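Q: what's the 3D shape of this:
(chains A and B)
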Amino acid sequence: METNTALRLAAVLADRQDAVVEAWSDAVRETLRGRLTRAELDRQLADLYTLLRTLLESGSSSLGRPDAADLRSMLSDLSHARARQGFSVSETAISVFALKAAFYRAAGDDDHVSKADFAAFSLFIDDLGLHTVETYVAARDSIITEQSQQLMELSTPVVKLWDGVVAVPLIGTLDSARSQIVMERLLQALVDTGSPYAILDITGVPAVDTQVAQHILKTVVAAQLMGAQCIISGIRPQIAQTIVSLGIEFGEIVTKANLSDALQYALRSLGTDIGKRAPRGAVI
Amino acid sequence: MINAEPTGETRRQGIGGDDDVVRVRQLVRAAAVATKLSLVDQTKLVTAASELARNTLIHGGGGYAEVIPVTNGRRNGILIVFVDDGPGIVDLDLAFTDGYTTAGGLGLGLSGARRLMDEFRVETTPGEGTTVSAVKWER
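A: Below you'll find the model as predicted:
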């Protein structure tokens, strides 16, 4: 944008500030469906408007310049906040793009602004909008990465079932990264609790292919090297048939249909006796 | 040739990373549920798709998968096709040998997938690529 154009636009923006901001705020509020209060939105847009006007007053419209830093960070904050609040990308972008129509509506009759000026203003707003979308996408990406890391940690707990028995309930896809975490946690839990028995429960694993089987076998062998015995439980009928067809052999590893059988097996092997409580009043 | 007429839309999924193997599995599972395969057949089909998708990724250097609902006139089924333009398979008999592996796996992926499916066909040209087509019919 040429310096003269920028200065002319800045003058008109200052002149018609209240009318433009009001029209802008009205247009944006329609898309928000009450997720932001009117006062919050008005304040955000007024701040943005002031920064944008200040930039134009400096005779430039380039977002890359050092004096546009405030405007850039304000746009970034806005789109980060919107991404966290669950706004869609178009809902976020419209907050910026709506300024075009608002400006035209509130300042369209101004003799100082030519068609070329409007076109230049429109390009300027496009730049702002693109910057907003880019930061929005970056914010979303970082949210997704955070969540998948949280999920990875959450989904691999090692629980102590009994004195001497720890269990890992596996849920979801068992890829290399997760099976590494499972193995590390399980081996650490074996050391920490001194347990001779570990149960790997695969009830929540949707499909056992050769890679999953290999990960499980490696974990079992590692546990055996540390002197613990592993029991695999939660093998459903369809998984059992698939494993047989695939030709995977679990060899000497003890496998059970469900976690309760596996626990019972471990307790028996430990010599722990759990009988049913005798009925009250029974003569023993 | 596999005698199978398409009865529905072909769904395609590119295979370029581990995430895509998961996507192929989900796609195949959805198709199997829609065709009303039994739970055992669904699991077999999904597991075979998982093996073949990983082969496409690791040995073929990436490619794509197609999932197509089909019929042979009597029974409905799911056709899965895996295409890559990798190095191809030089010795197919060796590749089908249980326990033979070049990638440090169990060496059961290709042979196991053939046992899990009802029809299985490999077309491969060394240096040009490999196409694996397989069908699971409803029982």
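Q: Can you show me the helices along the chain?
A: Reading this off chain A. All helices of chain A, identified by DSSP state H, fall at A:3-15, A:17-32, A:38-57, A:69-84, A:89-107, A:115-154, A:176-193, A:210-225, A:237-246, A:259-270.
Q: looking at chain B here, not the other one
A: Counting by DSSP H, the helices of chain B are B:18-34, B:39-58, B:92-95, B:109-116.
Q: can I get those in JSON lines with mean neighbour count and distance to chain A?
A: For the C-beta atoms, the positions are set from N, CA and C on the backbone; glycine is no exception. Listed next are those as JSON lines, based on neighbours: other Cβ atoms under 10 Å in any protein chain shown; distance: least, Cβ to the nearest Cβ, whole Å:
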{"stretch": "helix B:18-34", "mean neighbour count": "19", "distance to chain A": "6"}
{"stretch": "helix B:39-58", "mean neighbour count": "25", "distance to chain A": "4"}
{"stretch": "helix B:92-95", "mean neighbour count": "12", "distance to chain A": "14"}
{"stretch": "helix B:109-116", "mean neighbour count": "23", "distance to chain A": "4"}
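Q: need the contact list for the residue lying closest to residue A:202 once chain neighbours are set aside.
A: Spatially, and ignoring its direct neighbours in sequence, residue A:202 is nearest to residue A:234 (4.6 Å; Cβ to Cβ, 6 or more residues apart in numbering or on different chains). Counting by Cβ atoms under 8 Å, 6 or more residues apart in numbering or on different chains, residue A:234 makes contact with A:201-205, A:257-259.
Q: Show me the residues you listed that map onto strands.
A: Mapping the contacts of residue A:234 onto strands (DSSP state E) picks out A:201-204.
Q: Relative to chain A, how far out is the residue nearest to residue B:84 when sequence neighbours are not counted?
A: Distances taken as Cβ to Cβ, 6+ apart put residue B:60 closest to residue B:84, at 2.6 Å, once the chain neighbours are dropped. As defined by Cβ to the nearest Cβ, to the nearest Å, residue B:60 lies at a distance of 16 Å from chain A.
Q: Burial check on residue A:280, number of neighbours?
A: By other Cβ atoms under 10 Å in any protein chain shown, 5 other residues sit near residue A:280.
Q: Please tell me how far it sits from chain B.
A: Taking Cβ to the nearest Cβ, one finds residue A:280 at 44 Å from chain B.
Q: Roughly how far does residue B:139 sit from chain A?
A: Taking Cβ to the nearest Cβ, one finds residue B:139 at 13 Å from chain A.
Q: what's residue A:136 in contact with, if anything?
A: Contacts for residue A:136 were tallied using Cβ under 8 Å, 6+ apart; they are A:79-80, A:82-83, A:89, A:92-93.
Q: List only buried entries from the residues you listed.
A: A:79-80, A:82-83, A:92-93 (16 or more other Cβ atoms under 10 Å in any protein chain shown).
Q: okay, those residues in a markdown table with distance to residue A:128 and pLDDT next?
A: Output for the buried ones among the contacts of residue A:136, formatted as a markdown table (distance: Cβ to Cβ, whole Å; pLDDT from 0 to 100):
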| residue | distance to residue A:128 | pLDDT |
| --- | --- | --- |
| A:79 | 11 | 87 |
| A:80 | 15 | 87 |
| A:82 | 14 | 85 |
| A:83 | 17 | 85 |
| A:92 | 12 | 87 |
| A:93 | 10 | 88 |
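Q: what's the most distant pair in those residues?
A: Farthest-apart pair in those is A:80 and A:93; separation 14.0 Å (Cβ to Cβ).
Q: Poorly predicted segments of the stretch 151-284 of chain A, please.
A: Scanning the stretch 151-284 of chain A for pLDDT under 70 picks out the ranges A:153-155, A:278-279, A:281-284.
Q: need the residues of it near chain B, please.
A: Selection of the stretch 151-284 of chain A residues close to chain B by Cβ under 8 Å from any Cβ of the partner chain yields A:173, A:175-176, A:206-211, A:213-214, A:237-239, A:241-242, A:245-248.
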